[in-house]
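Student: need the 3D shape of this:
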Amino acid sequence: MRAISATGHSTWWVAPILRDAQPLWIRELVQGYVAGYNHAVRQHDPADLAPWCAGEPWIRELDELDLWAHLGDITLMASGRNLVQLIGWAEAPGPDGPAPPAPLDVMGPPAAASNGWAVGGDTSASGAGIVLANPHFPWYGEARFWECHLRIPGEYDVYGVSLLGAPGIQIGFNRSLGWTHTFSNGHRFTVASLELDPGDPTRYRHGDATREMTSTEHTVEVLGADGEPEVVSRRLWRSHHGPMLNLPLLGWGTETAFTYRDANIDNTAVMEQFLRMGMAADTTELRKVFHEVKGLPWVNTLAADSRGEAWYTDASATPRLTPAAQRRFTTRLAENLVAALLYQNRIALLDGSDPGDDWQDHPDARSPGLEPPQALPEIASRQVVLNANDSHWCNAPGVFLEGYSVMGGLERTPRTLRTRQNLLLAKALIERGGATREDLLEAVFDNASLSAALLCDEVVARIDDLIEQGIGMLAPEGHEVSLVEVRDVLTGWDRAYRLDSVGAVLWREFMSGFEERAWLDAGPLWARPFDPGDPLSTPSGLAPSPEGDHRPRRGSGRARAQRGRTCAGHRRDFDHGTAGNGAVGLPWRCSGGCARWW
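Tutor: Have a look, this model is predicted:
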């Protein structure tokens with residue numbers, strides 16, 4: 001039996017391929033890492049470990065292939081691993097018809113987030129570069145960071161953080177170069193619809209030809225309801241694009257099915273990519289690593305060096321499409337409901353039966369079907385470059401990258417409030433100059449709310465209008481709310497999400513009453529629409545109330561706030577998280593590593 005990875009492959013099949021593809025020095029490094037891990041396991045009694053892992057059966061020694069299987073899984077973290085359950089649910093229709101569609105809750109977790117800045121010498125006080133790393137990774141599980149300083153005399157000297165079980169440093173600095181990462185907004189995989197043969201749901205059209213899918217029987221052990229392992233077998237199918245899927249609401253029917261292709265499925269260069277980044281002396285050498293190794297899986301990179309050079313790139317593995325296929329993709333987003341819904345879940349839909357939508361090869365790319373390094377977006381600057389998980393289009397004030405593949409993210413589209421706030425802070429810092437480390441720490445921890453700065457005064461004015469009309473109470477969802485109290489709380493609020501901010505929770509509930517897409521353009525929240533010529537200032541202005549109703553919208557949000565956290569501010573608007581063995585207060589905005597920046 002073999003365990004099944006996110007892509008329908010046996011992890012034991014992937015692990016030796018990853019191992020054998022490495023240069024000798026990386027093989028030896030991983031062997032040393034495994035030996036060190038096993039030494040630590042032997043030195044500690046499992047019963048004496050922290051309660052969450054004490055006595056667990058997975059506290060054991062590893063072999064080299066265990067670690068390579070884990071590293072292969074990390075490579076797919078923001079790639080096909082998010083589709084693992086859709087692959088497992090994919091069963092070809094049988095005599096009784098199609099299997100039920102996969103449930104909605106198997107679409108994978110929400111996209112992770114981060115903020116990253118690289119400040120150049122023309123903006124910094126010292127003339128050297130500064131890097132701000134603000135990753136929103138969890139405090140638990142396999143995606144937790146470990147802070148460390150790794151040194152191999154004469155070879156490697158880097159301080160930073162590493163994902164648990166991943167040798168080397170993923171975010172950090174050496175003596176002359178620092179760098180950080182944010183999750184890329186681009187697409188690391190594509191889903192493709194297939195037009196099926198009417199007589200056989202495992203055959204499909206591709207251009208003028210008909211192709212047959214292939215299948216493999218996989219067997220795994222799973223933990224049964226009685227706590228004992230049991231054997232489960234499943235036949236998984238593949239098109240020439242990749243594994244078949246069972247999408248929620250759509251399934252695998254008799255006319256249409258869905259398959260996917262992953263840009264990182266054969267990425268064997270991730271370890272070398274991150275290790276050699278730590279060996280670069282400046283942004284010029286760092287860029288050379290990116291162009292030679294081509295192993296970055298799914299993140300943007302922000303870097304700065306002691307010379308004062310700053311650099312941004314989204315060099316993640318990116319599918320290469322023809323210009324015509326890219327135009328069809330953007331048209332599909334506007335005209336095809338399925339494509340639009342999938343895109344809301346960060347899934348790009350192509351036509352898998354049209355050869356014109358197939359990935360295109362390039363001789364300079366790491367693997368067939370991918371963009372080469374020279375086709376990927378980058379900015380070299382001595383001011384500020386940044387990213388807050390939007391696309392490459394606007395990652396420095398007044399700098400717009402256009403003409404790149406839609407698979408790397410859309411251009412001339414609304415930016416999130418978090419991106420806008422990052423850019424506005426950077427713009428002010430550039431204009432002022434003399435930036436220090438303390439300025440960047442203030443940018444992270446000041447917790448100001450951009451949405452409140454833009455809208456709160458207008459909301460208060462609208463509430464005042466209602467009070468003047470004699471409307472002093474509202475009862476959204478059957479819960480009475482005093483508008484005078486609401487107005488007083490918002491008027492006295494400091495427009496921030498600090499631990500001692502009174503009223504922040506009320507604004508949080510007001511904003512969360514709108515769908516996230518409403519935060520991006522004119523509609524129920526904003527009056528003035530997004531303008532690609534002015535992306536930092538638009539959208540703006542509070543949208544009018546529905547005709548004949550002059551009340552502020554989203555009263556239900558105020559009711560939730562009143563019930564949940566006493567919107568009048570009788571207690572501080574914060575929650576608690578666990579750090580080490582203690583509890584720490586967390587502003588609502590960033591509780592649990594939340595990606596929102598309101």
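Student: quick one, helices of the protein?
Tutor: 11-20, 24-43, 64-75, 84-88, 270-279, 283-293, 323-335, 337-344, 417-432, 437-445, 450-468, 483-492, 504-512, 555-565 (DSSP state H).
Student: any chance of those in a markdown table, plus distance to H392 and mean neighbour count?
Tutor: The C-beta positions use only the backbone N, C-alpha and C, and glycine is treated the same way. Putting the helices of the chain into a markdown table (distance: least, C-beta to C-beta, whole Å; neighbours: other C-beta atoms under 10 Å) gives the following:
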| stretch | distance to H392 | mean neighbour count |
| --- | --- | --- |
| helix 11-20 | 29 | 17 |
| helix 24-43 | 30 | 13 |
| helix 64-75 | 22 | 21 |
| helix 84-88 | 28 | 22 |
| helix 270-279 | 19 | 22 |
| helix 283-293 | 14 | 18 |
| helix 323-335 | 15 | 14 |
| helix 337-344 | 17 | 15 |
| helix 417-432 | 12 | 20 |
| helix 437-445 | 21 | 15 |
| helix 450-468 | 21 | 17 |
| helix 483-492 | 37 | 17 |
| helix 504-512 | 27 | 24 |
| helix 555-565 | 34 | 19 |
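Student: chain neighbours aside, what residue packs nearest to F530?
Tutor: Using C-beta to C-beta, 6 or more residues apart in numbering and skipping residues adjacent in sequence, the residue nearest F530 is P414, 4.2 Å away.
Student: A518 is in contact with that neighbour, correct?
Tutor: No - the criterion here is C-beta atoms under 8 Å, and P414 misses it with A518 at 10.8 Å.
Student: the two: which is more packed in?
Tutor: Looking at P414 and A518 with other C-beta atoms under 10 Å, you find the greater number of neighbours at P414, namely 22 against 17.
Student: and that one, what does it touch?
Tutor: Neighbour list for P414: L520, D521, F530, P535, T538, P539 [criterion: C-beta atoms under 8 Å, 6 or more residues apart in numbering].
Student: and the pLDDT at the closest residue to A518 other than its chain neighbours?
Tutor: Nearest in space to A518, with sequence neighbours left out and distances taken as C-beta to C-beta, 6+ apart, is L525 at 4.7 Å. Looking at L525, its pLDDT is 97.
Student: any idea how far L525 is from E516?
Tutor: L525 sits 10 Å away from E516, going by C-beta to C-beta, to the nearest Å.
Student: and those two? Which one has more around it.
Tutor: L525 (23 against 12).
Student: buried subset of the contacts of P414?
Tutor: L520, F530, P535, T538, P539 (16 or more other C-beta atoms under 10 Å).
Student: turn those into a markdown table, columns for pLDDT and distance to L302.
Tutor: Below are the buried ones among the contacts of P414 laid out as a markdown table (pLDDT from 0 to 100; distance: C-beta to C-beta, whole Å):
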| residue | pLDDT | distance to L302 |
| --- | --- | --- |
| L520 | 97 | 23 |
| F530 | 98 | 25 |
| P535 | 98 | 19 |
| T538 | 98 | 25 |
| P539 | 98 | 26 |
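Student: nearest to D446 among those residues?
Tutor: P535 (21.9 Å; C-beta to C-beta).
Student: how near is that closest one to Q383?
Tutor: 17 Å.
Student: ok, now R60?
Tutor: 51 Å.
Student: the two: which is more packed in?
Tutor: The residue with more neighbours, out of R60 and Q383, is Q383; 23 against 10, by other C-beta under 10 Å.
Student: and the helices of the chain: which comes nearest S126?
Tutor: helix 437-445 (9.5 Å).
Student: what's the mean pLDDT across that closest one?
Tutor: 94.
Student: stretch 328-337 now?
Tutor: Averaging pLDDT along stretch 328-337 gives 97.
Student: do the same with stretch 73-88
Tutor: Computed over stretch 73-88, the average pLDDT equals 91.
Student: CA atoms only: put that stretch into CSV for me.
Tutor: The C-alpha trace of stretch 73-88 is given here as CSV (Å, rounded to 0.1, in the frame of the first residue of the first chain):
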residue,chain,number,x,y,z
ASP,A,73,3.7,18.0,-0.3
ILE,A,74,4.8,21.5,0.7
THR,A,75,5.6,22.3,-2.9
LEU,A,76,1.9,21.7,-3.7
MET,A,77,0.7,23.7,-0.7
ALA,A,78,-0.8,26.5,-2.9
SER,A,79,-1.1,24.3,-5.9
GLY,A,80,-3.1,21.1,-6.4
ARG,A,81,-3.1,20.1,-2.8
ASN,A,82,-6.1,22.3,-2.4
LEU,A,83,-8.0,20.0,-4.8
VAL,A,84,-7.1,16.8,-3.0
GLN,A,85,-10.7,16.0,-2.0
LEU,A,86,-12.0,16.8,-5.4
ILE,A,87,-9.6,14.3,-6.8
GLY,A,88,-10.6,11.7,-4.3
